[in-house]
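Colleague: Quick one, what's the 3D model for this:
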Amino acid sequence: MSHDALFQLGMGSVSLNAAQAEDQTTADASAGSRGTPSQEPADHFIEKDGITCAGAHLIIDLFGAERLDDIDYISDTLRSCVEVAGATLLHIHLHPFEPNGGVSGVAVLAESHISIHSWPERSYAALDVFMCGDAQPERCVEVLRRAFRPERIAVQELLRGRGA
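Modeller: Presented below is the predicted three-dimensional model:
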């Protein structure tokens, strides 16, 4: 993507306000240097199954699921996922669709995100749960199973940022 296209998307230039600049400076100072063995970088990469990566990304499909049109229930369920995973919620934004009642949205986390898109008319929902650091995204699967009571659930795990 060209610089002009990024600029049109509002991504061409980033200016920090004073608080953000201070936070960035503090983060840089506390991260340490990569060459010092006594200080590890604060990049929140993890080791999973002997592999160093940015984090685990779960792709979750719910089939034959319930309550996929109840936006308040979905919000509460995403909050429960965040809590059991040990993540930090920054913001939730959910949008209902008419006439089918589907919901699309995201819980933005300090550790990344949880997103959902539901098709209640088909009793189907597609979710992805990506978390880095000490968060445990796999704990969300049982929360989703209890909340939406799917007849079938499919989970794929991707280890993001391998080799970075």
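Colleague: from here on, contacts and neighbour counts on C-alpha atoms
Modeller: Will do.
Colleague: In terms of residue numbering, what are the domains of the chain?
Modeller: Using automatic domain parsing, the domain parsing of the chain gives 1-42, 46-160.
Colleague: The protein: helices as residue ranges?
Modeller: Along the chain, the segments classed as helices by DSSP state H run 3-8, 18-31, 71-85, 139-148.
Colleague: picking that back up, tell me which of the domains of the chain sits most buried.
Modeller: domain 46-160 (a mean of 18; mean count of other C-alpha atoms under 10 Å).
Colleague: Now that one: average pLDDT?
Modeller: Here domain 46-160 scores 95 as its mean pLDDT.
Colleague: I figured Ser115 hits Leu127, correct?
Modeller: Yes. Contact status for Ser115 versus Leu127: in contact at 5.4 Å, counting by C-alpha atoms under 8 Å.
Colleague: dump the residue contacts of Gly101.
Modeller: Residues near Gly101 by C-alpha atoms under 8 Å, 6 or more residues apart in numbering: 68-70, 119-120.
Colleague: doesn't His117 make contact with Pro96?
Modeller: No. Using C-alpha under 8 Å, Pro96 is not in contact with His117, being 9.8 Å away.
Colleague: Mutual contacts of those two, please.
Modeller: The overlap between the contact sets of Pro96 and His117 (C-alpha under 8 Å, 6+ apart) consists of 102-104.
Colleague: how about the strands of the chain, start to end?
Modeller: Taking DSSP state E as the test, the strands found in the chain are 46-48, 51-53, 55-63, 89-96, 103-109, 112-119, 124-131, 152-160.
Colleague: Can you add distance to Ile74 and give those strands back as JSON lines?
Modeller: Listed next are those as JSON lines, based on distance: least, C-alpha to C-alpha, whole Å:
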{"stretch": "strand 46-48", "distance to Ile74": "29"}
{"stretch": "strand 51-53", "distance to Ile74": "29"}
{"stretch": "strand 55-63", "distance to Ile74": "13"}
{"stretch": "strand 89-96", "distance to Ile74": "9"}
{"stretch": "strand 103-109", "distance to Ile74": "8"}
{"stretch": "strand 112-119", "distance to Ile74": "9"}
{"stretch": "strand 124-131", "distance to Ile74": "11"}
{"stretch": "strand 152-160", "distance to Ile74": "17"}
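Colleague: Those: which one's closest to Glu138?
Modeller: strand 55-63 (7.5 Å; C-alpha to C-alpha).
Colleague: strands paired with the closest one, and their directions?
Modeller: Strand 55-63 pairs in its sheet with strand 124-131 (antiparallel), strand 152-160 (antiparallel), by DSSP bridges.
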